[in-house]
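> Here is the input, now give the coordinates:
(2 chains)
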Amino acid sequence: MTRMHRHLGPLILCAIGVLPAQAEPVLVAGSKSPAVSFSRQQVQDIYYLRLKELPGGGVIVPLMLGAGPVRQDFLDKVLNKSEAQLKSHWARLNFTGKGVAPQQVASTAELKRLLAANPHMVGYLDRAEADASVKILYAP
Amino acid sequence: MGRWGLVALALCNAMAMQVRAEALPNWVKLDGFGTVGVYHADDPNATVRSDIRTSTGARNETRFDADSLLAVQLKLRPAGPFNAGFQLISKKEVNSSHRPRVQWAYLGWEPSSEINIKLGRALAPVFLMSDYNDLYYAQISAQPPGQVYSNNSITFNDGVTGQWERHFGEGVLGIEGYYGKTRVDVSLGEIEVPKQMGLSAKWTSGPLLLRLGYSRPKGGLKPFAGNSVDQFLGLVRDAQQMGLCSNCNQVYRERFKLTDVVNKMVSLGFSWDDDTYVVQGEWVSRKSDSAILSGSGGWYLLGARRIGDFTPYIVLGSLKPIAEPVDLRLTTPPQATTGQMALLSALAAANATNVTGQYHRDQLALGLRWELSSNMALKLQWDHYKVKNRFWGSSNKVEFRMGPQSQFDGKVNTYTANLDFIF
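Numbering: from 1, shown residues only, chains lettered A, B, ... in the order given. This is a model prediction of the structure:
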């Protein structure tokens, strides 16, 4: 297939509106969280386990959604790392006793439940799913 | 059951362990890592070891026992400032055993998010990647570049290890220190270190990491019978007894000491990783008060580019000794026998090359890392070693026949294929 043909397919699909909408991942915390906002660098530092404390005090506990388009877009647009790179980074910390990889959560509903229960937790979801139970701390 | 049967069993256990791990509470974490590796060295006159802590090397042959290893760890992190860790690793050791050894057994205390103190056995952070020295999955190249990492064979510290980290602006400053004791078996013999300490500072800001390290182990070497050190010291003793050397006893005592040897290592390291390009380098200088566990200096530079699941890379490096001449004062008797002449010739060579001058070597490596899945990577690597001053002895990495009869031309290639995984 030539390079032009490779690009034509998605363009045609896009034109007729059949491509799935891309997720817009945003970093959120429970509505009672003391955090106000983070820069992109701070979000990266949270998930690289470099930034461990909220500005107002308290240990940050990052959460990761399980495999899916929101996780993929969060890796691509916010963390700028592949799944393998991130796992390799976490493995360095985990297997040297310097950190623990973020807890994995299965669904957005579980994420919201955990965020509501612990104001030190942060996670990400699609902006369309951000309701009054969470506050957005970073949007790309 | 053969060795590969054991490896298969270990992998099955690892997978079963992962299933069981999912049933554990959040504060208990059970996981592990491993490597299945094969390598080939192409020279019939030189043996190349993958690691100085293993007994065997390849001489014009293919071997499966170089980097292959399996490790499991248990971490307990209940609520509160205390935690604990235990790690077992099985890798072929100098005594050819795969018996698992304890790599970690510590009680941790984190009074704040900035301070982390461990009491017990923890990894000794001597160089940039020392604390994940055996975790090949987290490294770009097949092994840590030997031109720096073979300057230190110590892996763990029995004592206290502390880390302090704080954000300053866009960066993070980390200070890490350790104090305690250790022991390690290398191809030369048993190294017992009753006292060691180290201190390092690390600055991380975005893609940039800078590191400065200092470490000071004080210990002794008990050479294995019949190896090159043992043979050499035997020659020095023989020469003194035969009256062929006027100062061998003194040199033996002052320069060839094997106990209370102090090594001082200073290292500088950096890494730039912008998620596409990676450049990493380290330099080390090791000073020693013994010509046997001698001083040395080394460096490497690694460059890599991530292209989807593939990461081609190149490594350049060099290692050379730092040692004063030993100056054995030799005398040739008028009626010297053939044996005496051979002995004098060997000791003269030692004088000419500062005893340890044999291991000056340069390295070029080209490799490819392929992410097979999010927890498994395949690495293919070609290494070319060029050994200088090869008249006397052998290095800890490349071994060859001593003396003028040596047919080793100083150049050897190795080919490595490693499958690294975490679970």
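> Of all the helices and strands in the chain, which has the lowest average confidence?
The chain I'm using is chain A. Lowest on mean pLDDT, DSSP states H and E among the helices and strands of chain A sits helix A:3-15, with a mean of 49.
> I'd like the next helix or strand past that helix.
Sequence order places strand A:25-30 as the next helix or strand after helix A:3-15, per DSSP states H and E.
> got the CA positions of that following strand in CSV?
Extracted C-alpha coordinates of strand A:25-30, given in CSV (Å, rounded to 0.1, in the frame of the first residue of the first chain):
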residue,chain,number,x,y,z
PRO,A,25,-8.5,12.4,29.4
VAL,A,26,-8.5,14.8,32.3
LEU,A,27,-6.8,14.4,35.7
VAL,A,28,-9.3,14.5,38.5
ALA,A,29,-9.6,14.1,42.3
GLY,A,30,-12.6,13.8,44.6
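> can you give me the offset of that strand from its chain's centre?
8 Å (Cα atoms, centre = their mean, to the nearest Å).
> contacts for it?
By Cβ atoms under 8 Å, 6 or more residues apart in numbering or on different chains, the surrounding residues in contact with strand A:25-30 are A:35, A:38, A:43, A:70, A:73-74, A:77-78, A:115-119, A:121-127, A:130, A:133-140. C-beta: built from backbone N, CA, C; applies to glycine.
> in its sheet, what does that strand sit against?
strand A:121-126 (antiparallel), strand A:134-138 (antiparallel) (DSSP bridges).
> now those strands as CSV including mean neighbour count and mean pLDDT?
Converted to CSV, these look like this (neighbours: other Cβ atoms under 10 Å in any protein chain shown; pLDDT from 0 to 100):
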stretch, mean neighbour count, mean pLDDT
strand A:121-126, 24, 96
strand A:134-138, 19, 96
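> now those in TSV, with distance to B:Ala122?
Converted to TSV, the strands paired with strand A:25-30 look like this (distance: least, Cβ to Cβ, whole Å):
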stretch	distance to B:Ala122
strand A:121-126	29
strand A:134-138	34
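> What residues does chain A have near chain B?
A:41, A:45, A:50-53, A:59, A:80-85, A:87-89, A:91-92, A:94-98, A:100, A:103 (Cβ under 8 Å from any Cβ of the partner chain).
> Which of those residues fall within strands?
Among those, DSSP state E puts A:Gln103 in strands.
> of all the residues in the stretch 51-200 of chain B, which ones are close to chain A?
Residues of the stretch 51-200 of chain B lying near chain A (Cβ under 8 Å from any Cβ): B:71, B:73, B:75, B:77, B:85, B:87, B:104, B:106, B:108, B:113-114, B:116, B:118, B:122-123, B:131-132, B:135, B:137-138, B:163, B:165, B:167, B:170, B:172.
> low-scoring pLDDT stretches of chain A, where are they?
A:1-22 (pLDDT under 70).
> Please name the residues that touch the residue lying closest to B:Thr331 once chain neighbours are set aside.
Nearest non-adjacent residue to B:Thr331, counting by Cβ to Cβ, 6 or more residues apart in numbering or on different chains: B:Leu244, 6.1 Å away. Counting by Cβ under 8 Å, 6+ apart, B:Leu244 touches B:330-333, B:340, B:343-344, B:347.
> ok, so what distance separates B:Leu244 from chain A?
52 Å (Cβ to the nearest Cβ, to the nearest Å).
> Could you pull up phi and psi at that residue?
Per-residue torsions, B:Leu244: phi -90, psi 0 (degrees, to the nearest 10).
> what pLDDT does it get?
Note for B:Leu244: predicted pLDDT of 88.
> My guess is B:Leu347 contacts B:Leu328. True?
Yes. B:Leu347 is in contact with B:Leu328 according to Cβ atoms under 8 Å; the separation is 5.5 Å.
> for B:Gln240, helix, strand, or coil?
helix (DSSP: H, G, I helix; E, B strand; the rest coil).
> Excluding covalently adjacent residues, which one is nearest to it?
Distances taken as Cβ to Cβ, 6+ apart put B:Cys248 closest to B:Gln240, at 3.8 Å, once the chain neighbours are dropped.
> In a helix, B:Val148, correct?
Yes. Under three-state DSSP, B:Val148 falls within a helix.
> close enough to count as contact, it and B:Gly297?
No. With contact defined as Cβ under 8 Å, B:Val148 does not count as touching B:Gly297 (9.5 Å).
> one step back: so which of the strands paired with strand A:25-30 gets nearest B:Ser96?
Smallest distance to B:Ser96 across the strands paired with strand A:25-30 (Cβ to Cβ): 49.2 Å, for strand A:121-126.
> which other residues reach the closest one?
Outside strand A:121-126, the residues touching it (Cβ under 8 Å, 6+ apart) are A:23-30, A:33, A:35, A:46, A:60-65, A:70, A:74, A:78, A:105, A:108, A:111-112, A:114-115, A:134, A:137.
> okay, that strand in CSV with CA atoms only?
Extracted in CSV, the C-alpha atoms of strand A:121-126 (Å, rounded to 0.1, in the frame of the first residue of the first chain):
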residue,chain,number,x,y,z
MET,A,121,-6.1,10.0,45.5
VAL,A,122,-6.0,11.3,41.9
GLY,A,123,-7.0,9.5,38.7
TYR,A,124,-8.0,10.3,35.1
LEU,A,125,-11.2,9.8,33.1
ASP,A,126,-12.8,11.1,29.9
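> now that strand: how far from the chain's centre is it?
6 Å.
> swap in stretch B:31-40?
With Cα atoms, centre = their mean, you get 16 Å for stretch B:31-40.
> What mean pLDDT does that stretch get?
For stretch B:31-40, the mean per-residue pLDDT is 95.
> so where's the stretch 101-250 of chain B shaky on pLDDT?
B:227-228.
> can you pull out the helices in it?
Using DSSP state H, counting those that start in this stretch, the helices of the stretch 101-250 of chain B run over residues B:146-149, B:228-241, B:248-254.
> need these in CSV with distance to B:Trp203 and mean neighbour count, can you?
Below are the helices of the stretch 101-250 of chain B laid out as CSV (distance: least, Cβ to Cβ, whole Å; neighbours: other Cβ atoms under 10 Å in any protein chain shown):
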stretch, distance to B:Trp203, mean neighbour count
helix B:146-149, 19, 26
helix B:228-241, 40, 17
helix B:248-254, 41, 16
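> will you turn the ones you listed into TSV that also has distance to B:Leu221?
Shown next, in TSV, are the helices of the stretch 101-250 of chain B (distance: least, Cβ to Cβ, whole Å):
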stretch	distance to B:Leu221
helix B:146-149	19
helix B:228-241	7
helix B:248-254	14
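> Which one of those lies nearest to B:Tyr178?
helix B:146-149 (17.4 Å).
> packing partners for the closest one?
Packing partners of helix B:146-149 (3 or more Cβ pairs under 8 Å, 6 or more residues apart in numbering or on different chains; DSSP states H and E): strand B:277-288, strand B:295-305, strand B:310-322, strand B:361-373.
> If we go by neighbour counts, what in the last one is buried?
Read it as strand B:361-373. B:361, B:363, B:365, B:367, B:369, B:371 (16 or more other Cβ atoms under 10 Å in any protein chain shown).
> so what pLDDT did the third one get?
According to the predicted model, the pLDDT of B:Ala365 comes to 97.
> what sits against it?
Per Cβ under 8 Å, 6+ apart, neighbours of B:Ala365: B:141, B:145, B:313-316, B:381-384.
> same thing but 10 Å
B:141-143, B:145-146, B:300, B:302, B:313-317, B:381-385, B:414, B:416 (Cβ atoms under 10 Å, 6 or more residues apart in numbering or on different chains).
> Check the fourth one too.
Residues counted as contacts of B:Gly367 (Cβ under 10 Å, 6+ apart) are B:140-142, B:302, B:304, B:311-315, B:379-383, B:416, B:418.
> Could you measure from it over to B:Tyr415?
Per Cβ to Cβ, to the nearest Å, B:Gly367 is found 10 Å from B:Tyr415.
> Report the set of residues contacting both of those two.
With Cβ under 10 Å, 6+ apart as the test, B:Gly367 and B:Tyr415 both reach B:380-383.
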